[in-house]
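K.L.:
I'll drop the sequence and a predicted model, then ask my questions.
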Amino acid sequence: MSARGGGKPIISIREVSKVFAGSVKAVDDVSLDIYEGEFFALLGPSGCGKTTLLRMLAGFEIPSLGQILLDDRELDGVPPNRRPINMVFQSYAVFPHMSVFDNVAYGLKITRVDKAEIATRVDEALELVKLGGFGGRRPDQLSGGQRQRVALARALVKRPRVLLLDEPLSALDAKLREAMQLELVRLRETVGITFVIVTHDQNEALSMANRIAVMESGKVRQVAGPAELYEFPNCRFVADFIGKMNLFEGRVTGLAGNQITVRVAGLGEVTLPAVDGAEGEVGIAVRPEKLRLGRDDPGTGRIAFRGRVTEVAYYGDTSNVFITDDAGRAVSANIQNEARRTAPQVSVGDDLWCSWDPRDTLVLIA
C-alpha cells in the first residue's frame, strides 16, 4: 500500500495538546493530517499518548490546546454521538445478554431507524465481516475473533466517515491476529471509509497502514509510509522502535561532495552517503537483515569486522545470530534458513566476518 499524499484531508489535527492532572502532558503539540480512505496508524510504546489522541478524535477527551477538524469543521463542542465517527475498543464491548443481531442493531435502534432498514443494514454489516447467518447467536457462543467481528459490524452499521480502532486485535492469539489484520485491510478497501488504528505492535502497523505516525512521550516523531519509515527513519527513537536495528556511535570527520567520513569505534573511518545536518556526533545504524556473515574476508567496498558468535536464536524461517567483536560490542544479523536441515548454519563460538554495504547504513543526527 502506498502512502497517501496531497489532496484534502478528512481529519486535520492542529497543534493539539492534552494535559492531565495539571501537569501531565499526554499529547504534546501534535499536528498531522489524515486523508479520506486511508488506513492510518498511531504507533508507539505504552504511555506515548496515542490512545489519548484517538479518544480526542472520538470526542471522549477534549483537547487542552489546539484544534481537531473533520471536513474543515471544528469538532470542539461536538459530542461523540454527533460525530460521524465510530470506535471499536480493545475489549470488544459487546453486550453479553444480547444476540449478535441486537448487538449490531443497538446504535440504529437508539437513533430510531426504521425496523426494516435496521434489518437490511444489520444483515449487510454481518455479511461484510463474514458473520452472515450468525445473527441469532449469543456472544458466549462465539470465538474471540468472531466477537471482534461483531464489534466491527456494530461500528460499521452506522456508516461512519471514520472508524477508530483502539488496539482491536491485542486479545487475539498470534495466528488469528494475523488473519484479522488481513481482514481489516480487506474490509477498509471494501467499505472505502477512513480507518485510524492505535497499536503498539510495529508489525501490525507496517502490514496494515498506508501511513504511520510514530509517537514518543506525547510527540509525533515521524509520519511516513511503512517502507519509508522502516528504511529511512528520521531519528534514533524511530530507528530503534521500528523493527530491529544495530546502532553505533560515530563522529563525522570529513565531507566531500555527497559523501561523509565517520569515525566509528572498532570500525575505523567509514565513508557513507551524506545526510543534511550531519556533523559532530552522529548515530550509525544498520538493520540485521542487511548484514552478511562469512568465513572469508569480504574485501574492499564493504564495512566489515570480525567477531565471534555468542548466541543463535532459531525462528524456523530465519535465525537471529549475535556476534561480538574484540571490543565487546554485539550486533545481530538475520540469516534465512533456506535449505532443509537440522544442523545450524552457524554455531556459538564460530569466528566470522560480519559485513554490509555502506549504502545500507543510516546516519542519524537526532
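P.N.:
Great, that's in hand.
K.L.:
ok, residue 136 - how many residues close by?
P.N.:
Neighbourhood size, residue 136 [other C-beta atoms under 10 Å]: 10. All C-beta spots, glycine's among them, are computed from the backbone N, C-alpha and C.
K.L.:
Look at it and report its pLDDT.
P.N.:
In this model, residue 136 is scored at 91, pLDDT.
K.L.:
got it, and residue 160?
P.N.:
89.
K.L.:
helix/strand/coil for the residue lying closest to it once chain neighbours are set aside?
P.N.:
Residue nearest to residue 160 in three dimensions, not counting chain neighbours: residue 86, with 4.2 Å by C-beta to C-beta, 6 or more residues apart in numbering. Following DSSP: H, G, I helix; E, B strand; the rest coil, residue 86 is assigned to strand.
K.L.:
hang on, isn't residue 86 packed against residue 164?
P.N.:
Yes: contact criterion C-beta atoms under 8 Å: residue 86 and residue 164 qualify, at 7.0 Å.
K.L.:
pLDDT below threshold where in this structure?
P.N.:
1-6, 92, 342-343 (pLDDT under 70).
K.L.:
for it, what's the longest helix?
P.N.:
helix 174-191 (DSSP state H).
K.L.:
Now do the contacts for the residue nearest to residue 241 when sequence neighbours are not counted.
P.N.:
Leaving out its chain neighbours, the residue that sits closest to residue 241 by C-beta to C-beta, 6+ apart is residue 214, at 6.4 Å. By C-beta atoms under 8 Å, 6 or more residues apart in numbering, the contact set of residue 214 is 43-44, 220-223, 229, 237-238, 241-242.
K.L.:
Show me which of these is closest to residue 296.
P.N.:
Using C-beta to C-beta, residue 242 comes nearest to residue 296 of these, at 32.5 Å.
K.L.:
Please verify my assumption that the closest one contacts residue 201.
P.N.:
No: using C-beta under 8 Å, residue 242 is not in contact with residue 201; the gap is 11.3 Å.
K.L.:
thinking again about what came up before, would you indicate which residues of the longest helix of the chain are buried?
P.N.:
Judged by neighbour count (16 or more other C-beta atoms under 10 Å), helix 174-191 contains these buried residues: 176-177, 180-181, 183-185, 187-188, 191.
K.L.:
all strands for the stretch 101-250 of the chain, in order.
P.N.:
Along the stretch 101-250 of the chain, the segments classed as strands by DSSP state E, counting those that start in this stretch run 162-166, 194-199, 211-216, 219-224, 246-256.
K.L.:
Output the contacting helices and strands for the last one.
P.N.:
I take that to be strand 246-256. If you count contacts as 3 or more C-beta pairs under 8 Å, 6 or more residues apart in numbering; DSSP states H and E, strand 246-256 packs onto helix 236-241, strand 259-264, strand 281-286.
K.L.:
6 Å - rerun?
P.N.:
Judged by 3 or more C-beta pairs under 6 Å, 6 or more residues apart in numbering; DSSP states H and E, strand 246-256 is in contact with strand 259-264, strand 281-286.
K.L.:
For the ones you listed, give me CSV that also has mean neighbour count.
P.N.:
Listed next are those as CSV, based on neighbours: other C-beta atoms under 10 Å:
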stretch, mean neighbour count
strand 259-264, 18
strand 281-286, 19
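K.L.:
wait, which of these is closest to residue 247?
P.N.:
Closest of the helices and strands packed on strand 246-256 to residue 247 is strand 281-286, at 5.1 Å (criterion: C-beta to C-beta).
K.L.:
Just want the angle from the closest one to strand 246-256.
P.N.:
120 degrees (axes from the mean of the first three to the mean of the last three C-alpha atoms, to 10 degrees).
K.L.:
Now for the closest residue in space to residue 206 that isn't next to it in sequence, how many residues are close by?
P.N.:
Excluding its sequence neighbours, the residue lying closest to residue 206 (C-beta to C-beta, 6+ apart) is residue 226, at 4.4 Å. Look at residue 226: counted by other C-beta under 10 Å, it has 21 neighbours.
K.L.:
cool, and residue 29?
P.N.:
14.
K.L.:
Quick one: residues contacting it.
P.N.:
Taking C-beta atoms under 6 Å, 6 or more residues apart in numbering, we find residue 29 in contact with 15, 17.
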